[in-house]
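>>> Quick check, what structure comes out for this input:
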Amino acid sequence: MSDESPSADGPGAGLKRVSSAEMAKRFSAYCDLALNAPIIVTKNGRDRLVVLSIDEFNFLRDFVERSGATGARDESRSGGSFVMAKKAVS
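Numbering: from 1, shown residues only. Below you'll find the predicted structure:
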């Protein structure tokens, strides 16, 4: 399994990274790994997606709802996608 070297600082520091091609080849194995820790999926060497367990997703969704930050997240580039996904599963 591939493990691209993560940067020492910044978002996703210390998380496993895998290319989208590698993710497609070994989807089931990476899904199993994501049950224990989020995995960053890269495309052309750039972070693109995060695969995480439903428990982790629910925790993050609940945290955003409790913090009252949903409106602010709607306006952010990355948060907008999270809020849209959150609305889709709610």
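>>> quick one: low-confidence ranges for the chain?
1-10, 69-90 (pLDDT under 70).
>>> Go again with 50.
Residues of the chain that meet the criterion pLDDT under 50 lie in 84, 86, 88-90.
>>> just the helices in it please.
20-25, 27-34, 54-67, 70-75, 77-89 (DSSP state H).
>>> what's near enough to touch the residue nearest to residue 36 when sequence neighbours are not counted?
Using Cβ to Cβ, 6 or more residues apart in numbering and skipping the chain neighbours, the partner closest in space to residue 36 is residue 53 (7.7 Å). No exception for glycine: its C-beta is placed from N, CA and C like everyone else's. Contact analysis of residue 53 by Cβ atoms under 8 Å, 6 or more residues apart in numbering lists 34, 35, 36.
>>> Redo those as TSV? Include distance to residue 46 and neighbour count.
TSV is the format used below for the contacts of residue 53 (distance: Cβ to Cβ, whole Å; neighbours: other Cβ atoms under 10 Å):
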residue	distance to residue 46	neighbour count
34	19	20
35	25	12
36	24	11
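>>> Redo those as TSV? Include distance to residue 21.
Below are the contacts of residue 53 laid out as TSV (distance: Cβ to Cβ, whole Å):
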residue	distance to residue 21
34	17
35	22
36	23
